[in-house]
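**Q** this is the structure alone, sequence omitted:
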């Protein structure tokens, strides 16, 4: 089973400068390959393949004007071309946008080391050996066992250096367990409460952004007063980035802990396929929806359930989960978003909007996907 482990690097000043050089070289090769493919397609109607670009890269490195490309690992430069080729494949499959040029001002810079032979992790000294960088220290954290496949080194907007190591731990993928009404749960995510489970559990919304909004506004107003291109503006940009990074880390920590607890407790988890992008067009709710991280939550649930042999079940976004009475099936067509409680006209059951929705999500999920898997 493949798993990724992330650590924070502690490079020396010289190693940090070398990483900056590698980030720049990889970015240059990516932009050069993108420009080459685009120009030749416009001129001839054909674009060079991934392997043709790698051949031209070898010639480019031998050019005296581009000798500095040798300061980056060749496999990392080739990986940039491979990533561009994957972006074009996604674009032609209508699963992504047309690749864009990368800038040194982008919040995140990264490069990959795809050759596992060039990566050595020493947990005794808490160092990792990387091409061109030699031994780089990293923070003490959990250890792993298994065969390393590749590593991705990145730098955040606040200047932190991270390494993500993809490892094959040798453990077989868990067989899918048998899910039924007893070991399944429906989850309704929202803004008032982050999540309401069909078992009656209500998870309060942490609202990490709301708690830091006052400080963020002060720092951003201070940033607006700074002269563009000045040193003070660069310093203030770092202050603002640290506030954003803190909020993002808090949100990620909350989502990981909640998704882990649910994936360990239940075998079948039913969720709703929400049109988050469309919902974000509502200017009054966009910030509240954006800070919730519903898409990340569903993503975390998906792979953690796979680890434990569980199943993530999605229901359609147009199912009347809030309007339908889970007791008798009657639908209240005139239900408003402001109605937090309502009474069924058929069976006279008083419903909490979110609790009723979670019950219906579980009902729809188990109805659309028959019980499956192997008996636990």
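**A** On my side now, so go ahead. Quick caveat: nothing in here was measured; it's all calculated off a predicted structure.
**Q** show me where the stretch 151-300 of the chain has its strands.
**A** Assigned by DSSP state E, counting those that start in this stretch, the stretch 151-300 of the chain shows strands spanning 161-168, 184-189, 193-197, 202-204, 268-272.
**Q** would you reformat the ones you listed as a markdown table and include distance to residue 135?
**A** Bear in mind the C-beta positions are built from the backbone N, C-alpha and C, glycine included. Converted to a markdown table, those look like this (distance: least, CB to CB, whole Å):
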| stretch | distance to residue 135 |
| --- | --- |
| strand 161-168 | 13 |
| strand 184-189 | 44 |
| strand 193-197 | 42 |
| strand 202-204 | 43 |
| strand 268-272 | 43 |
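**Q** and those: which comes nearest residue 21?
**A** strand 161-168 (13.5 Å; CB to CB).
**Q** now residue 97. Nearest residue, chain neighbours left out?
**A** residue 91 (6.6 Å; CB to CB, 6 or more residues apart in numbering).
**Q** for the one you found, give me the pLDDT.
**A** Looking at residue 91, its pLDDT is 94.
**Q** again, but for residue 372
**A** Reported pLDDT for residue 372: 55.
**Q** picking up where we left off before, check the strands of the stretch 151-300 of the chain for me and report the most buried one.
**A** strand 268-272 (a mean of 26; mean count of other CB atoms under 10 Å).
**Q** now for it, which elements pack on it?
**A** Packing partners of strand 268-272 (3 or more CB pairs under 8 Å, 6 or more residues apart in numbering; DSSP states H and E): strand 184-189, helix 294-308, strand 311-315, helix 353-368.
**Q** out of the ones you listed, which is the most enclosed?
**A** Highest mean neighbour count among the helices and strands packed on strand 268-272 (mean count of other CB under 10 Å): strand 184-189, a mean of 24.
**Q** can you list contacts of it?
**A** Around strand 184-189, the neighbours that count as contacts under CB atoms under 8 Å, 6 or more residues apart in numbering are 195-199, 262, 265-272, 274, 292, 294, 297, 313, 321, 354-355, 357-363, 365-366.
**Q** quick check: the residue nearest in space to the middle of the chain vs residue 251, distance?
**A** Closest residue to the average C-alpha location of the chain: residue 296 at 6.1 Å, with CA atoms, centre = their mean. Distance, residue 296 to residue 251, by CB to CB, to the nearest Å: 8 Å.
**Q** which of the helices and strands packed on strand 268-272 sits closest to residue 227?
**A** helix 294-308 (36.6 Å).
**Q** other SSEs contacting that closest one?
**A** Other elements packing on helix 294-308 under the criterion 3+ CB pairs under 8 Å, 6+ apart are helix 231-265, strand 268-272, strand 311-315.
**Q** now tabulate the ones you listed in a markdown table and tack on distance to residue 213.
**A** Below are those laid out as a markdown table (distance: least, CB to CB, whole Å):
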| stretch | distance to residue 213 |
| --- | --- |
| helix 231-265 | 9 |
| strand 268-272 | 28 |
| strand 311-315 | 32 |
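**Q** quick one, which of those is nearest to residue 62?
**A** From these, taking CB to CB, the stretch that ends up closest is helix 231-265, at 36.5 Å.
**Q** average pLDDT for the closest one?
**A** On average, helix 231-265 scores 95.
**Q** show the contacting residues for residue 310.
**A** Contacts of residue 310 by CB under 8 Å, 6+ apart are 176-177, 179, 263, 266-269, 304.
**Q** show me where pLDDT drops low in the chain?
**A** 370-376 (pLDDT under 70).
**Q** quickly list the domain ranges of it.
**A** 2-168, 184-206+256-368 (automatic domain parsing).
**Q** for residue 235, find the nearest of these.
**A** Comparing those by their distance to residue 235 (CB to CB), the top pick is domain 2-168, with 11.9 Å.
**Q** ends of the closest one, what's the gap?
**A** 5 Å (CA to CA, to the nearest Å).
**Q** cool, stretch 276-295 as well?
**A** 8 Å.
**Q** contacts only, for the nearest residue to residue 297 once chain neighbours are set aside.
**A** Excluding the flanking residues, the one nearest residue 297 by CB to CB, 6+ apart is residue 255, at 5.0 Å. Going by CB under 8 Å, 6+ apart, residue 255 touches 293, 296-297, 300.
**Q** change it to 10 Å
**A** By CB atoms under 10 Å, 6 or more residues apart in numbering, the contact set of residue 255 is 194, 206, 292-294, 296-301.
**Q** ok, now residue 353?
**A** 188, 190, 192, 196, 321-323, 335-342.
**Q** helices of the protein, residue ranges please.
**A** With helices called from DSSP state H, the chain shows them at 13-44, 50-62, 74-92, 208-224, 231-265, 276-279, 286-290, 294-308, 353-368.
**Q** most tightly surrounded among these?
**A** The stretch of the helices of the chain with the highest mean neighbour count (mean count of other CB under 10 Å) is helix 353-368, at a mean of 23.
**Q** that helix vs strand 184-189, what angle?
**A** Interaxial angle of helix 353-368 relative to strand 184-189 (axes from the mean of the first three to the mean of the last three CA atoms, to 10 degrees): 130 degrees.
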